[in-house]
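# Sharing a model that was predicted from the sequence below.
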2 protein chains.
Amino acid sequence: MKACIISIGNELLRGKTVNTNASDFGMKLTLCGYDVVRGFTVMDDPKEIAWALEVGMESADLVLTTGGLGPTFDDMTVESISKALGIPLIMDSETSDRLRKRYKMLGLEPTPERLKMAMIPRGSKALYNPVGAAPGIMLSDHDKTIIILPGVPEEANAILDSIMDIIRIKGVEYYSESRYLKGVMESSLVPIVNKVMKKMNSKVYIKSHPRHSETGNPAVELEILARSDKADHAKDLVEKAFDMVFGELNEVKK
Amino acid sequence: MKACIISIGNELLRGKTVNTNASDFGMKLTLCGYDVVRGFTVMDDPKEIAWALEVGMESADLVLTTGGLGPTFDDMTVESISKALGIPLIMDSETSDRLRKRYKMLGLEPTPERLKMAMIPRGSKALYNPVGAAPGIMLSDHDKTIIILPGVPEEANAILDSIMDIIRIKGVEYYSESRYLKGVMESSLVPIVNKVMKKMNSKVYIKSHPRHSETGNPAVELEILARSDKADHAKDLVEKAFDMVFGELNEVKK
């Protein structure tokens, strides 16, 4: 199963904000068994949001969006998705009751901007936000799952954590481990990595991340990943591949 | 002028790595006068890289890629871009000389994997990498500028910094300022922001970033941006907009 992540917000494109949501969600979706195949960052603009949603739904089974759920004029994710899918917005009564109560406690009016956060596409499910005001939203359309999360990292992560067991793909276990190799150049590892991946029939994926200058003071983080129907088996594959890499490295040093 | 950023690497999609390059480059391109309109994150896969390049060139005048320039099997950015554009790769002699010397000093052979980093599309310019081995690349195609940078942040930033004066759009000055408003809820700011943006004839862009829970212990970072042909004028617009926002806030409090 494939997933893609759409991050919405001019502040991400302008570089004001580092997109930690994309990596947090990428990691969580991977652990749930998905291949995260594409990421998009788009402006606070209904056309751009609709474009990313369309391409995302063509590319993946699960599309997760983050950002644009608040009360301001440029929070337009839910409305844009609703229009793009042709599904009208309705007021989620549970959410609007909650918002009315919270604003009342603060002595504030439930203005249209505040109640906008309770509008969700008909047939979708509001996902309780334990940290903030705007709920997340989950819906199905054309056999695709769409998850709409806020942009504030604490809120988005809390909501995603609450649905991990629902979206997890059964029978797919994932294991990844990284080891640091000091004094090893990435370019020296290339033939070894190729050999080990071939020997293991591509059951593992080996990725090297240079951590210092290739030709200065070299160091490489070697990451090995595997998937299996059993967690123990995925881990065994990774350990076996590490043993093979270290064996080859020792051969070279001799 | 529009720009887009293509980040290449499975580790970004899986969330192993936080994409600080996208925000660093987004900030730098914005300061150079560009509107960064779209961001893509794609896999280490020639088809995916070609797809992002095609959509990127349709969306923007300048396309910047990051990642996939090293010596490993999954570093395939330059080859993929060369194929997608139909421009053959040639060996950049200055870069290959530099690489040969550096590897020789280290007592190492200039293997094909290592010299791969000196291959660039014909007619393009290798951009010296003061920190690492793989150079950046700049080329023009169909009136678009394409800049290809490594994925290692220190290397990519050093190369981009070295060409900022070349890509800067003349006569466009950008100014942005942020102020923290404690005890103010984002939803309370909405009518004020709308009013001020209207009064200023949309010469400024005002964006609010919630920094605490909307209904808990609220705080908002208010960011105001402006562009002008003169730096002083852009700053004046921003200051004037802040004064108007604070004036309106004081009215509300009375």
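Perfect, thanks for sending it. Bear in mind that the values here come from a model prediction, so they are computed numbers and not experimental data.
# where do the strands sit along the stretch 101-250 of chain A?
Taking DSSP state E, counting those that start in this stretch to define them, one finds strands in the stretch 101-250 of chain A at A:119-121, A:125-127, A:136-141, A:144-149, A:173-182, A:204-210, A:219-228.
# The fifth one vs strand A:219-228, what angle?
Strand A:173-182 and strand A:219-228 are oriented at 160 degrees to each other (axes from the mean of the first three to the mean of the last three Cα atoms, to 10 degrees).
# helices or strands next to strand A:173-182 in the packing?
Where contact means 3 or more Cβ pairs under 8 Å, 6 or more residues apart in numbering or on different chains; DSSP states H and E, strand A:173-182 is packed against strand A:219-228, helix A:231-253. Every residue, glycine included, has its C-beta placed from N, CA and C.
# let's go with 10 Å and repeat that
Packing partners of strand A:173-182 (3 or more Cβ pairs under 10 Å, 6 or more residues apart in numbering or on different chains; DSSP states H and E): helix A:20-31, strand A:204-210, strand A:219-228, helix A:231-253.
# so after the first one, what's the next helix or strand?
Read that as helix A:20-31. Next helix or strand after helix A:20-31 toward the C-terminus (DSSP states H and E): strand A:35-42.
# re the thing from before, for the helices and strands packed on strand A:173-182, which one sits closest to chain B?
Closest approach to chain B among these (Cβ to the nearest Cβ): helix A:20-31, 3.1 Å.
# is chain B contacted by that closest one?
Yes - against chain B, helix A:20-31 shows contacts by Cβ under 10 Å from any Cβ of the partner chain at A:20, A:21, A:22, A:23, A:24, A:25, A:26, A:27, A:28, A:29, A:30, A:31.
# Redo those as JSON lines? Include neighbour count and pLDDT.
Below are those laid out as JSON lines (neighbours: other Cβ atoms under 10 Å in any protein chain shown; pLDDT from 0 to 100):
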{"residue": "A:20", "neighbour count": "16", "pLDDT": "96"}
{"residue": "A:21", "neighbour count": "26", "pLDDT": "97"}
{"residue": "A:22", "neighbour count": "28", "pLDDT": "97"}
{"residue": "A:23", "neighbour count": "23", "pLDDT": "95"}
{"residue": "A:24", "neighbour count": "19", "pLDDT": "94"}
{"residue": "A:25", "neighbour count": "26", "pLDDT": "97"}
{"residue": "A:26", "neighbour count": "28", "pLDDT": "95"}
{"residue": "A:27", "neighbour count": "16", "pLDDT": "91"}
{"residue": "A:28", "neighbour count": "20", "pLDDT": "92"}
{"residue": "A:29", "neighbour count": "29", "pLDDT": "95"}
{"residue": "A:30", "neighbour count": "21", "pLDDT": "93"}
{"residue": "A:31", "neighbour count": "17", "pLDDT": "88"}
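# would CSV of the residues you listed with distance to residue B:202 be doable?
Formatted as CSV, those follow (distance: Cβ to Cβ, whole Å):
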residue, distance to residue B:202
A:20, 31
A:21, 28
A:22, 30
A:23, 34
A:24, 34
A:25, 33
A:26, 35
A:27, 39
A:28, 38
A:29, 38
A:30, 41
A:31, 44
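# residues contacting residue A:72?
A:44, A:113, A:116, B:186-187, B:189-190, B:193-194, B:206-210, B:220 (Cβ atoms under 10 Å, 6 or more residues apart in numbering or on different chains).
# tell me which of these is nearest to residue B:37?
Comparing the contacts of residue A:72 against residue B:37 with Cβ to Cβ places residue A:44 closest, at 11.7 Å.
# Nearest residue to that closest one in space, please, no chain neighbours.
Of all residues not flanking residue A:44 in the chain, residue A:74 sits nearest, at 4.1 Å (Cβ to Cβ, 6 or more residues apart in numbering or on different chains).
# which one of the residues of helix A:20-31 next to chain B is nearest residue A:79?
Ranking the residues of helix A:20-31 next to chain B by separation from residue A:79, with Cβ to Cβ as the measure, puts residue A:21 on top at 20.5 Å.
# ok now do the closest one, which residues does it touch?
Here residue A:21 is in contact with A:5, A:7, A:9, A:12, A:64, A:66-67, A:149-153, A:156-157, A:160, B:15, B:18 (Cβ under 10 Å, 6+ apart).
# pLDDT below threshold where in chain A?
Applying pLDDT under 70 to chain A flags the ranges A:212-216, A:253-254.
# Could you break it into its assigned domains?
What automatic domain parsing lists as the domains of chain A is A:2-167, A:173-253.
# Turn the ones you listed into a markdown table, including distance to residue B:93.
Formatted as a markdown table, the domains of chain A follow (distance: least, Cβ to Cβ, whole Å):
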| stretch | distance to residue B:93 |
| --- | --- |
| domain A:2-167 | 35 |
| domain A:173-253 | 18 |
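# With respect to burial, which of those scores highest?
domain A:2-167 (a mean of 20; mean count of other Cβ atoms under 10 Å in any protein chain shown).
# That domain: end-to-end distance?
Distance across domain A:2-167, first residue to last, is 12 Å (Cα to Cα, to the nearest Å).
# gap between that domain and the chain center?
How far domain A:2-167 lies from its chain's middle: 12 Å, per Cα atoms, centre = their mean, to the nearest Å.
# which residues touch the nearest residue to residue A:14 once chain neighbours are set aside?
Excluding the flanking residues, the one nearest residue A:14 by Cβ to Cβ, 6+ apart is residue B:30, at 4.8 Å. When contacts are counted by Cβ under 10 Å, 6+ apart, residue B:30 touches A:10, A:13, A:14, A:15, A:16, B:3, B:36, B:174, B:176, B:225, B:227.
# go on, residue A:242?
By Cβ under 10 Å, 6+ apart, the contact set of residue A:242 is A:177, A:179, A:196, A:204, A:206, A:222, A:224.
# Around chain B, which positions in the stretch 151-254 of chain A sit nearby?
Within reach of chain B by Cβ under 10 Å from any Cβ, the stretch 151-254 of chain A has these residues: A:151-152, A:154-155, A:174, A:176, A:178, A:185-191, A:193-194, A:197, A:205-216, A:218, A:220-221, A:223, A:225.
# So what pairs up with the nearest residue to residue A:87 once chain neighbours are set aside in the strands?
Closest residue to residue A:87 apart from its sequence neighbours, by Cβ to Cβ, 6+ apart: residue A:121 at 4.2 Å. Residue A:121 has these beta-bridge partners by DSSP bridges: residue A:89.
# what's the answer for residue A:146, then?
With DSSP bridges as the rule, residue A:146 is bridged to residue A:63, residue A:139.
# Quick check: it touching residue A:81?
Yes - counting by Cβ atoms under 10 Å, residue A:81 is a contact partner of residue A:146 at 7.1 Å.
# so what's in contact with the two at the same time?
Joint contacts of residue A:146 and residue A:81 (Cβ under 10 Å, 6+ apart) are A:6, A:53, A:63, A:65, A:121, A:124, A:137, A:139.
# Ok, which of the helices and strands packed on strand A:173-182 comes nearest residue B:239?
Across these, residue B:239 has its closest neighbour in helix A:20-31 (31.1 Å, Cβ to Cβ).
# hey, C-alpha coordinates of that closest one in PDB?
Taking Å, rounded to 0.1, in the frame of the first residue of the first chain, the C-alpha atoms of helix A:20-31 are listed here in PDB:
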ATOM      1  CA  THR A  20       9.000  18.400  10.700                       C
ATOM      2  CA  ASN A  21       5.400  17.000  10.100                       C
ATOM      3  CA  ALA A  22       6.500  15.400   6.800                       C
ATOM      4  CA  SER A  23       9.200  13.400   8.500                       C
ATOM      5  CA  ASP A  24       7.100  12.600  11.600                       C
ATOM      6  CA  PHE A  25       4.300  11.300   9.400                       C
ATOM      7  CA  GLY A  26       6.600   9.600   6.900                       C
ATOM      8  CA  MET A  27       8.100   7.600   9.800                       C
ATOM      9  CA  LYS A  28       4.700   6.700  11.300                       C
ATOM     10  CA  LEU A  29       3.200   5.700   8.000                       C
ATOM     11  CA  THR A  30       6.300   3.600   7.200                       C
ATOM     12  CA  LEU A  31       6.000   1.900  10.600                       C
END
